[in-house]
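1. coordinates for the following, if possible.
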Amino acid sequence: MSTQSSTDIRKATAHEEIARRAHELWEQDDRRPGNDQKHWFEAEHQLRSVSPGEVKGIPAAGEKKKGRAA
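-> Just a heads-up that it's a prediction; the model follows:
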């Protein structure tokens, strides 16, 4: 019987969250190839810099937040 430690589970969850956010950043970048590491590192930075639930809608570094004009 195999058991995972809570640390292993947290690492796997963090990896999945980073992958999900990196994918969102890639989509925001018009799915251009060749920027996978940039998107991964940006996703890591964003997820470690904000509290849970605040990541959606955060633009990548150097990107303006999209929204309606006032």
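
2. do a quick rundown of the helices in this structure.
-> All helices of the chain, identified by DSSP state H, fall at 6-28, 36-49.

3. which of the ones you listed is buried the deepest?
-> With neighbours taken as mean count of other C-beta atoms under 10 Å, the helices of the chain reach their highest mean count in helix 36-49, at a mean of 16. Just so you know, the C-beta spots here come from the backbone N, C-alpha and C atoms, and that holds for glycine as well.

4. if we can go back for a sec, in TSV, list the helices of the chain along with mean pLDDT.
-> Listed next are those as TSV, based on pLDDT from 0 to 100:
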stretch	mean pLDDT
helix 6-28	93
helix 36-49	95
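
5. would you list the phi and psi of residue 30?
-> Backbone torsions of residue 30, given as degrees, to the nearest 10, read phi 60, psi 30.

6. one more: residue 4?
-> phi -100, psi 140.

7. dump the residue contacts of it.
-> residue 12 (C-beta atoms under 8 Å, 6 or more residues apart in numbering).

8. do the same with residue 6
-> Not one residue lies near residue 6 by C-beta under 8 Å, 6+ apart.

9. tell me the spacing between it and residue 12.
-> 11 Å (C-beta to C-beta, to the nearest Å).

10. next: residue 37.
-> Taking C-beta to C-beta, one finds residue 37 at 21 Å from residue 12.

11. just residue 30 next, same as before
-> Using C-beta to C-beta, one obtains 30 Å as the distance from residue 30 to residue 12.

12. next one: residue 20
-> Residue 20 sits at a distance of 13 Å from residue 12 (criterion: C-beta to C-beta).

13. what does residue 4 give?
-> Distance, residue 4 to residue 12, by C-beta to C-beta: 8 Å.

14. can you check residue 25 too?
-> 21 Å.

15. try residue 38
-> 23 Å.

16. same check, this time on residue 22
-> On the measure of C-beta to C-beta, residue 22 and residue 12 end up 16 Å apart.
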